[in-house]
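A.B. asks: Take this sequence and fold it.
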Amino acid sequence: MDFIASTIPQPQAPRRATRALGVGLVLTFVLSVSPCAAQEPVPVVAFEGSEIFCHILKHFKLAPIAGIDELPNYPADETLIVVFGDLAPVDAIAQQVNLEQHAILLASDRASGRYERQGFGWRWVESRLTRWRLKIMGLEVQVAPDDAYKQKRTNPFLKPKHTSPNHPIFGGLSVGLATNRPSVLVSDGSDLRLLAEFPPSAFGGKRRPGPWGDEMTGYMFGARADSEQRVLIIAGHGVFMNGMIAQKDNDNGLFTINTIRWLRGPHNRRKYALMIDNRRVIDSFDLPLTRLPDVPLPPVQVINQMLRELENEGVFNRFLEEVVGWPLVLRFAILVGTIGILLYGFYRLFPLRRRHESVPLIVGLQPGRWGKQSLLAMRQWEWLEQDNLWEASQALARQWFMDHAMVKVPLWDEAAAAAPPPMHVTGGWLTRKRLAQQVQALWGFAIRDPSQTVSQREFDHLMKILTALDDAARAGRLVFPRI
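C.D. replies: Below you'll find the predicted structure:
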């Protein structure tokens, strides 16, 4: 209030509204661009990305392979396969080529399989890492702050003493490797060597976690330095993130270069690379490294307060009254209304002067409504047009319960008395309540009657629920006991 009063001089009444409005506009502009006014926008690199890794592949003159189906067209001894994040593409790749003949780099912090009940015990079921007799448990490894990168417990820092000193991928490392929310690899008599392990403070100070007995565990397993087969499996691809490689207080950049150089083999034998980052095939290694930062805007509270003060003082009304004038506004409104009525009358009148044939004349074969699109694409377009994604939402919900709870959800006509499977939730009161509500909502999607449509807005809400429940299950906060 005081600010507005100070910017509207009383002796010059005809100009006070104009000045106040100008000051408001200038203030909004200054608040929105002031962080960037002192200097030009500085491009920044996306922290969670693999653009730097791709540029290193390009530096080593590795040509990208456009897709999994193209793999059989390339010599196996000249091809490198890289999979980050989700390891589901490994099964598809194994159906196309023999993985034993290729150089392999797999890095993921997600569980590579799951436990299933067998008799009176449990059996680990998976197909992605079975050939190497390894498994990724999917549990997040945390360490004491003294053993963490930048004191963050979820970023274990692997010093040279935690790595194999004679392996070429660790050549020249003097500081250590910074990881980002890694998981743990467990060996079931694997032929691959343990190349990097976690600091002793991981797993409560034990060298090997108790749930897996005497099995060898660690962060990285790989082939011997002089082996013909070049295989490297890592429990997390955070070591190759842009934000980690670009740091100056770790050896992640040198480690990445050493890794690609070793995977290429002697005499730079491998010339092609298939890279898949979270199920997305990278068909070009010349990715942009930088992007412009987001334009900073003033807080919403500041803008709302400023507009409220202007409204309380009646600045906008006085601007119309003193500068424009209400008679002029009224004449303009009448003119616009008259023109609008005339245009609407012409629109309604002229189509009545000629009668259109109800059946069009067809000459020759006419193209279909959807052109040459596939049946699946046409079906998806039909869902979007009708704003009913019931079929997709039910399939996703039922599949989630099958994957995580090993429960086959009954169909909608048999689910009158059905309830979600029993679950065990850990965490605070609000966390437990929220997870229980999300599981109940997901169960509702799984048994929903086809007569109850699922709009795009509801489908977006379902995807958020699935993401939250996946994170909770992966972190161990949501567990379904096996009955």
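
A.B. asks: Quick check: phi and psi on the residue nearest in space to the middle of the chain?
C.D. replies: Nearest residue to the geometric centre of the chain (C-alpha atoms, centre = their mean): Asn278, 8.6 Å. Phi and psi for Asn278, reported as degrees, to the nearest 10, are phi 50, psi 50.

A.B. asks: Give me the domain ranges for this structure.
C.D. replies: The chain breaks down into these domains under automatic domain parsing: 2-38+296-324, 51-281, 382-479.

A.B. asks: quick one, which of those is packed in tightest?
C.D. replies: domain 51-281 (a mean of 18; mean count of other C-beta atoms under 10 Å). Where you see a C-beta, it was placed from the backbone N, CA and C, and this is true even at glycine.

A.B. asks: and that domain, how far from the chain's centre?
C.D. replies: Relative to its chain's centre, domain 51-281 lies at 20 Å (C-alpha atoms, centre = their mean, to the nearest Å).

A.B. asks: how about stretch 332-351 as CSV, C-alpha atoms only?
C.D. replies: Taking only C-alpha atoms (Å, rounded to 0.1, in the frame of the first residue of the first chain), the coordinates of stretch 332-351 have been written out as CSV:
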residue,chain,number,x,y,z
PHE,A,332,-15.7,0.1,-28.8
ALA,A,333,-17.7,-2.6,-27.0
ILE,A,334,-20.8,-1.8,-29.0
LEU,A,335,-18.9,-1.8,-32.3
VAL,A,336,-17.3,-5.2,-31.6
GLY,A,337,-20.6,-6.6,-30.5
THR,A,338,-22.4,-5.4,-33.7
ILE,A,339,-19.7,-6.8,-35.9
GLY,A,340,-19.8,-10.1,-34.1
ILE,A,341,-23.6,-10.3,-34.6
LEU,A,342,-23.3,-9.5,-38.3
LEU,A,343,-20.7,-12.2,-38.8
TYR,A,344,-22.7,-14.8,-36.9
GLY,A,345,-25.8,-13.9,-39.1
PHE,A,346,-23.8,-14.3,-42.3
TYR,A,347,-22.5,-17.7,-41.0
ARG,A,348,-26.0,-18.9,-40.3
LEU,A,349,-27.7,-17.5,-43.4
PHE,A,350,-25.4,-18.3,-46.3
PRO,A,351,-25.2,-22.1,-45.8
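
A.B. asks: Going forward, count from 18.
C.D. replies: With 18 as the first residue, the last one maps to stretch 349-368.

A.B. asks: what residues does that stretch touch?
C.D. replies: Outside stretch 349-368, not one residue touches it by C-beta atoms under 8 Å, 6 or more residues apart in numbering.

A.B. asks: circling back: nearest spatial neighbour of the residue nearest to the centre of the chain, chain-adjacent residues omitted?
C.D. replies: Gly102 (3.7 Å; C-beta to C-beta, 6 or more residues apart in numbering).

A.B. asks: separation between that neighbour and Pro216?
C.D. replies: Gly102 sits 24 Å away from Pro216, going by C-beta to C-beta, to the nearest Å.

A.B. asks: thinking again about what came up before, would CSV of the domains of the chain with mean pLDDT and distance to Ile356 be doable?
C.D. replies: As requested, the domains of the chain are exported to CSV (pLDDT from 0 to 100; distance: least, C-beta to C-beta, whole Å):
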stretch, mean pLDDT, distance to Ile356
domain 19-55+313-341, 55, 20
domain 68-298, 87, 52
domain 399-496, 84, 35
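
A.B. asks: Columns distance to Arg348 on top of those, output as a markdown table?
C.D. replies: Output for the domains of the chain, formatted as a markdown table (distance: least, C-beta to C-beta, whole Å):
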| stretch | distance to Arg348 |
| --- | --- |
| domain 19-55+313-341 | 11 |
| domain 68-298 | 59 |
| domain 399-496 | 43 |
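
A.B. asks: what about Leu156, which SS state?
C.D. replies: Of the three states, Leu156 takes coil under DSSP: H, G, I helix; E, B strand; the rest coil.

A.B. asks: Confirm for me that it is in contact with Gly493.
C.D. replies: Yes: assessed by C-beta atoms under 8 Å, Leu156 is found in contact with Gly493 at 6.4 Å.

A.B. asks: Tell me if I am right that Pro217 is in a strand.
C.D. replies: No: counting by three-state DSSP, Pro217 is located in no strand; its state is coil.

A.B. asks: Please enumerate the strands of the stretch 218-367 of the chain.
C.D. replies: For the stretch 218-367 of the chain, the strands defined by DSSP state E, counting those that start in this stretch cover 233-235, 237-239, 248-251, 289-294, 297-298.

A.B. asks: of the ones you listed, which approaches Glu65 most closely?
C.D. replies: Smallest distance to Glu65 across the strands of the stretch 218-367 of the chain (C-beta to C-beta): 10.5 Å, for strand 289-294.

A.B. asks: Partner strands of that closest one and their direction?
C.D. replies: If you go by DSSP bridges, strand 289-294 pairs up with strand 80-81 (parallel), strand 96-101 (parallel), strand 297-298 (antiparallel).

A.B. asks: how about Tyr289, what does it touch?
C.D. replies: By C-beta under 8 Å, 6+ apart, the neighbours of Tyr289 are 79-82, 91, 95-97.

A.B. asks: Which residue ranges of the stretch 368-500 of the chain form helices?
C.D. replies: Applying DSSP state H, counting those that start in this stretch to the stretch 368-500 of the chain gives helices spanning 392-403, 407-422, 446-463, 473-491.

A.B. asks: In a markdown table: these, plus distance to Lys178.
C.D. replies: Formatted as a markdown table, the helices of the stretch 368-500 of the chain follow (distance: least, C-beta to C-beta, whole Å):
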| stretch | distance to Lys178 |
| --- | --- |
| helix 392-403 | 53 |
| helix 407-422 | 38 |
| helix 446-463 | 37 |
| helix 473-491 | 30 |
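
A.B. asks: Out of these, which is closest to Arg247?
C.D. replies: helix 473-491 (29.6 Å).

A.B. asks: Next, the angle from that closest one to helix 407-422.
C.D. replies: 10 degrees (axes from the mean of the first three to the mean of the last three C-alpha atoms, to 10 degrees).

A.B. asks: What are the contacting residues of helix 473-491?
C.D. replies: For helix 473-491, contacts defined as C-beta under 8 Å, 6+ apart pick out 127-128, 155, 157, 401, 404, 406, 409-410, 413-414, 417, 421, 442, 452, 455-456, 458-459, 462, 471, 495-496.

A.B. asks: Mind doing that once more with 6 Å?
C.D. replies: Residues from elsewhere that reach helix 473-491 (C-beta atoms under 6 Å, 6 or more residues apart in numbering): 155, 404, 406, 410, 421, 452, 455, 458-459, 462, 495.

A.B. asks: Please state the offset of that helix from the chain centre?
C.D. replies: For helix 473-491, the separation from the chain centroid amounts to 13 Å (computed by C-alpha atoms, centre = their mean).

A.B. asks: what's the angle from it to helix 446-463?
C.D. replies: 130 degrees.

A.B. asks: then helix 473-491 to PDB, C-alphas only?
C.D. replies: Extracted C-alpha coordinates of helix 473-491, given in PDB (Å, rounded to 0.1, in the frame of the first residue of the first chain):
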ATOM      1  CA  GLN A 473      -6.500 -38.900 -19.800                       C
ATOM      2  CA  ARG A 474      -6.300 -37.000 -16.500                       C
ATOM      3  CA  GLU A 475      -7.000 -40.100 -14.500                       C
ATOM      4  CA  PHE A 476      -4.500 -42.000 -16.600                       C
ATOM      5  CA  ASP A 477      -1.800 -39.400 -15.700                       C
ATOM      6  CA  HIS A 478      -2.700 -39.800 -12.100                       C
ATOM      7  CA  LEU A 479      -2.300 -43.600 -12.500                       C
ATOM      8  CA  MET A 480       1.200 -43.200 -13.900                       C
ATOM      9  CA  LYS A 481       2.200 -41.100 -10.900                       C
ATOM     10  CA  ILE A 482       0.900 -43.800  -8.600                       C
ATOM     11  CA  LEU A 483       2.900 -46.500 -10.400                       C
ATOM     12  CA  THR A 484       6.000 -44.400 -10.200                       C
ATOM     13  CA  ALA A 485       5.600 -43.800  -6.500                       C
ATOM     14  CA  LEU A 486       4.900 -47.400  -5.800                       C
ATOM     15  CA  ASP A 487       7.800 -48.600  -7.900                       C
ATOM     16  CA  ASP A 488      10.200 -46.300  -6.000                       C
ATOM     17  CA  ALA A 489       8.700 -47.500  -2.600                       C
ATOM     18  CA  ALA A 490       9.100 -51.200  -3.700                       C
ATOM     19  CA  ARG A 491      12.600 -50.700  -4.900                       C
END
